[in-house]
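Enquirer: Just the structure for this:
(one chain, ligands or ions: 1)
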Amino acid sequence: MDCGMKPGRGRQQSGATEGTWRLALLLGLALLAGACSTTRQFRASEAERVTIESNMRGHIERLASEEFGGRKPGSDGEELTLAYIEGELSRAGYVSGTNDPGNFWRAPVPLVRTTPVNSRIEIRVGRKRTELPAAQAAAYTGGRRALIEGGEILFVGRQSASVSDDDVRGRIALMLSEPGQSPARRETLFGKGAAAIITVVEDEQSIEQVREFWGNERLGLVSEEQNRLTGFASAGALEAALGAKKWQALLASADAPDFVPTVLDATGTIEAVTERKQITSHNLIGRLPGTKPSSGAILLLAHWDHFGQCGGEAEPDRLCNGAVDNASGVALMLELARRLAAKGPHDRDIYVLATSAEEWGLLGAKAFAENPPLPLESVIAAFNFDSVALAARGAPVGFVGEGKTPLDAVILDAIAGSRREVGDRELADQFIQRQDGWILLQRGVPAVVLSSALGSREVVDPYLSTRYHRPGDESDGIELGGAVDDLLLHENLIRRLASIAQYP
Ligand SMILES: [Zn+2]
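Expert: Modelled structure (predicted):
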């Protein structure tokens, strides 16, 4: 077993007798050999750490450079990014992993780019028709044009799961917003057949925030549902349209323990118009052939995309370079892939997947899972790398996906063997749905994230509140100590998992 101890290391320079030194060296080797057989860890020398760090830094500086333009799907930056990753992988000995001779290395991800154009919401009570003022209401659709005319309105308060399908089907659901809960509730109500949903937000300022989130250009998968009609209105606008007395009574009823959804004595007309353009982005897939490929595969993944320009119009530098997010994850993956290939061959295949459009809802990962180049059941372990360059050397390991896969024992053993600690478990849990591995995990693939960047709030919070998704996410001065630790941890783990003898 290679413990990173090389012959000739530790040559004596002091005046000690040669015999003493030889004995000490032999004792040291014996101790190390003992440690190795229980933990099976490869330990990198300081010189190797320096090489790993400088290779990663090189990848990050290139991928996050101005030339790559913030790596937006469908942009020139996409082609530069894919060519760069393909070049690095093929130089390391990888071959195309798409399993599709018509699409060498690049698996198409058909996307649609939508930009909201305009919308209107009108409420009718008896003969009174009120068009909600533009500053107080907005509606969106992923389709070219969505319209519901004179639809019945069902007030659901803060309920969703308990609303019966029969009540909501074909109607406009009018729901009260609740921070953190509203998206899931809308999903449930649409799932039950709501024709449209109006979410009631606090005031005009809340509508402004809705516009910032919904009113910009978005990307979606062509294969996903696009025709939903999602509206928002301020409480004041509803009060004006329905009458103050009626509105206050509805609000009061929503707080009552015996609340039941009520069909209003009112109808709604909602229309939204969107500009749509189809684009084809790509996942890049490489494969390091194993000697016994029928024994399963290991999958490494990292999203290559970012936002392009994302700074506000007033900002002098609007380019979102995405150095941490996620040039760093791709860099770690490339350097890890190179080192695994250099120490091969392994029994199992190693797949490397650079996903597109993660920033728009894990879209590339969804496309991969819908059309995988290998049976998903054959993936014995998947490791995602996302925004890895935050922590200094020696930081605890955030373990996202603990308790969700059969990998716990082998991973915890590898972490212990690396003399690191498992980080804040509650924090790690919060990230499980926010990363590409989630898509695979939902389909039964053992997918985890092991990252020093998610080990503690002290590490991740300052990043989230300053550079995250902003033009300041640049490569200057980026911290890589923890990322080097993470790379070595994965290397140990994957060498073990790729061996049938060590992981049957
Ligand atoms: Zn991001």
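
Enquirer: so who does the most centrally placed residue in the chain touch?
Expert: Against the mean C-alpha coordinate of the chain, by CA atoms, centre = their mean, the closest residue is residue 435 at 2.6 Å. Applying CB atoms under 8 Å, 6 or more residues apart in numbering, we find residue 435 in contact with 358, 362, 384, 386, 400, 449. Where you see a C-beta, it was placed from the backbone N, CA and C, and this is true even at glycine.

Enquirer: I'd like the distance between it and residue 474.
Expert: Here residue 435 is placed at a distance of 22 Å from residue 474 (CB to CB, to the nearest Å).

Enquirer: before we move on, the earlier item: mind putting the contacts of residue 435 in JSON lines, neighbour count, distance to the ion and pLDDT included?
Expert: JSON lines is the format used below for these (neighbours: other CB atoms under 10 Å; distance: CB to the ion, whole Å; pLDDT from 0 to 100):
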{"residue": "358", "neighbour count": "27", "distance to the ion": "7", "pLDDT": "97"}
{"residue": "362", "neighbour count": "23", "distance to the ion": "11", "pLDDT": "96"}
{"residue": "384", "neighbour count": "31", "distance to the ion": "13", "pLDDT": "98"}
{"residue": "386", "neighbour count": "26", "distance to the ion": "8", "pLDDT": "97"}
{"residue": "400", "neighbour count": "28", "distance to the ion": "15", "pLDDT": "97"}
{"residue": "449", "neighbour count": "29", "distance to the ion": "14", "pLDDT": "98"}
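
Enquirer: residue ranges of the helices in the stretch 101-250 of the chain, please?
Expert: Applying DSSP state H, counting those that start in this stretch to the stretch 101-250 of the chain gives helices spanning 165-168, 182-191, 204-214, 235-242, 244-255.

Enquirer: which of the ones you listed is buried the deepest?
Expert: The highest mean neighbour count among these belongs to helix 235-242 (a mean of 21), with neighbours defined as mean count of other CB atoms under 10 Å.

Enquirer: Number of residues surrounding residue 46?
Expert: The burial metric for residue 46, expressed as a neighbour count using other CB atoms under 10 Å, is 6.

Enquirer: right, and residue 41 touches residue 420 too?
Expert: No: here residue 41 lies out of contact with residue 420, judged by CB atoms under 8 Å, at a distance of 11.0 Å.

Enquirer: And these two? Which one has more around it.
Expert: Each of residue 41 and residue 420 has its neighbours counted (other CB under 10 Å); residue 41 has more, 25 against 21.

Enquirer: so is that one in a helix, a strand, or just coil?
Expert: When the structure is reduced to helix, strand and coil (DSSP: H, G, I helix; E, B strand; the rest coil), residue 41 reads as coil.

Enquirer: Chain neighbours aside, what residue packs nearest to it?
Expert: With CB to CB, 6 or more residues apart in numbering as the measure, residue 417 is the residue that lies nearest to residue 41, at 4.2 Å, once sequence neighbours are left out.

Enquirer: looking at it, the one you found is touching residue 43, isn't it?
Expert: No: at 9.5 Å, residue 417 does not count as touching residue 43 under the criterion of CB under 8 Å.

Enquirer: Do me a favour and average the pLDDT over stretch 118-130.
Expert: Taken as a whole, stretch 118-130 has a mean pLDDT of 96.

Enquirer: And stretch 346-361, how far out from the chain middle?
Expert: Relative to the centre of its chain, stretch 346-361 is centred 12 Å away, using CA atoms, centre = their mean, to the nearest Å.

Enquirer: Kindly apply the preceding question to stretch 176-193 instead.
Expert: 21 Å.

Enquirer: what's the span of it, first residue to last?
Expert: Stretch 176-193 stretches 18 Å from its first residue to its last (CA to CA, to the nearest Å).

Enquirer: Point me to the residue of the stretch 301-450 of the chain nearest the ion.
Expert: When distances are taken as CB to the ion, the stretch 301-450 of the chain approaches the ion most closely through residue 325, which lies 4.2 Å from it.

Enquirer: Give the burial count for that residue, as a bare number.
Expert: Per other CB under 10 Å, the neighbour tally for residue 325 reads 26.

Enquirer: SS state for the residue lying closest to it once chain neighbours are set aside?
Expert: If you skip the residues right next to it in sequence, residue 325 has residue 387 as its closest partner in space, 4.6 Å away by CB to CB, 6+ apart. Applying three-state DSSP to residue 387 yields a three-state assignment of coil.

Enquirer: Might you list the low-confidence residue ranges for the stretch 151-300 of the chain?
Expert: Across the stretch 151-300 of the chain, the ranges flagged by pLDDT under 70 are 225.

Enquirer: swap the cut-off to 90 and go again
Expert: Under the criterion pLDDT under 90, the flagged ranges of the stretch 151-300 of the chain are 179-181, 212-213, 216-218, 223-227, 293.

Enquirer: Look up which residues are beta-bridged to residue 352.
Expert: Counting by DSSP bridges, residue 352 is bridged to residue 286, residue 300.

Enquirer: ok, now which ones touch it?
Expert: With contacts defined as CB under 8 Å, 6+ apart, residue 352 is in contact with 89, 94, 97, 285, 286, 287, 288, 299, 300, 301, 333, 337.

Enquirer: go again using 6 Å as the cut-off
Expert: Residues near residue 352 by CB atoms under 6 Å, 6 or more residues apart in numbering: 286, 300, 337.

Enquirer: I'd like the distance from it to residue 283, if you could.
Expert: Taken as CB to CB, the span from residue 352 to residue 283 is 11 Å.

Enquirer: Then residue 465?
Expert: For residue 465, the distance to residue 283 (CB to CB) stands at 31 Å.

Enquirer: more crowded one of the two?
Expert: Here residue 465 and residue 283 are compared on neighbour count by other CB under 10 Å; more neighbours surround residue 283, at 29 against 9.

Enquirer: quick one: that one is in a strand?
Expert: Yes: when classified by three-state DSSP, residue 283 is found to be part of a strand.

Enquirer: Next up, the contacts around it.
Expert: With contact taken as CB under 6 Å, 6+ apart, residue 283 is in contact with 107, 109, 355, 356, 364, 368.

Enquirer: wait, doesn't the fourth one sit right on residue 364?
Expert: The one in question is residue 356. Yes: counting by CB atoms under 6 Å, a contact exists between residue 356 and residue 364, whose distance comes to 3.7 Å.

Enquirer: Could you name every residue contacting both of those two?
Expert: 109, 283.

Enquirer: for the ion, what are the nearby residues on the stretch 101-250 of the chain?
Expert: Counting by CB under 5 Å from the ion, no position of the stretch 101-250 of the chain is adjacent to the ion.

Enquirer: Around the residue in the stretch 101-250 of the chain positioned nearest to the ion, count how many other residues there are.
Expert: Across the stretch 101-250 of the chain, the shortest distance to the ion (CB to the ion) belongs to residue 219, at 13.1 Å. Per other CB under 10 Å, the neighbour tally for residue 219 reads 21.

Enquirer: Need the three-state assignment for residue 465.
Expert: Of the three states, residue 465 takes helix under three-state DSSP.

Enquirer: Can you name the residues that contact it?
Expert: Counted by CB under 6 Å, 6+ apart, residue 465 has zero contacts.

Enquirer: thought residue 135 was touching residue 204?
Expert: Yes: checked against CB under 6 Å, the pair residue 135 and residue 204 is within contact range at 5.4 Å.

Enquirer: partners of residue 449 in the sheet?
Expert: Here residue 449 sits in beta bridges with residue 400, going by DSSP bridges.

Enquirer: From residue 365, how far out is it?
Expert: Computed as CB to CB, the residue 449 to residue 365 distance reads 13 Å.
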